[in-house]
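>>> turn this into a model:
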Amino acid sequence: MFTAAVAVLPAVPQTHPLTVSAAISLTDALEEAGRAYRAAGGAEVRFNLAGSNVLARQIVNGAPVDLFISADEAQMQLAADAGEIALDSRVDLLRNRLAVAISAGAPAIETIQELIQPSFRRIAVTGTSPTP
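Below is the predicted model of the structure:
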């Protein structure tokens, strides 16, 4: 399971663009949220989208960021340990669950154990390390 955590970095007046560094997996949702924010009178939103490990290292190395949305608690902690986030601003925002997609015509599955059926000859699995 993955958790997205949010931390606010130093405050920026609303007249200046808001810089958001966020996990690339959140691109569509954040772009929609950015449009809604601007439509409600908020400032321009600039997104820096990448793997959470890349973003955390950018922040630790001085990248100017107003909001960090990480898909990995360890990367949020890396930024916190470096003193780069307001600790009281951390919020667990999202959670993720395992999803299985099967090809058309494959037998439906109810449990992960059913993937050992002979009808499943190939299974693709992503790595457990952070997204590069």
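>>> and the helices in this structure?
27-39, 52-60, 73-81 (DSSP state H).
>>> distance to His16 for the ones you listed - can I get that in a markdown table?
C-beta here means a position set from N, CA and C on the backbone, and glycine is covered the same way. A markdown table is the format used below for the helices of the chain (distance: least, Cβ to Cβ, whole Å):
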| stretch | distance to His16 |
| --- | --- |
| helix 27-39 | 13 |
| helix 52-60 | 18 |
| helix 73-81 | 21 |
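>>> and those, which is most packed in?
Relative to the other members of those, helix 52-60 carries the highest mean neighbour count by mean count of other Cβ atoms under 10 Å, namely a mean of 21.
>>> could you list the residues in contact with that one?
Outside of helix 52-60, the residues that reach it under the criterion Cβ atoms under 8 Å, 6 or more residues apart in numbering are 9, 21-23, 48, 50, 65, 68, 70-72, 75-76, 78-79, 82, 84-85, 130-132.
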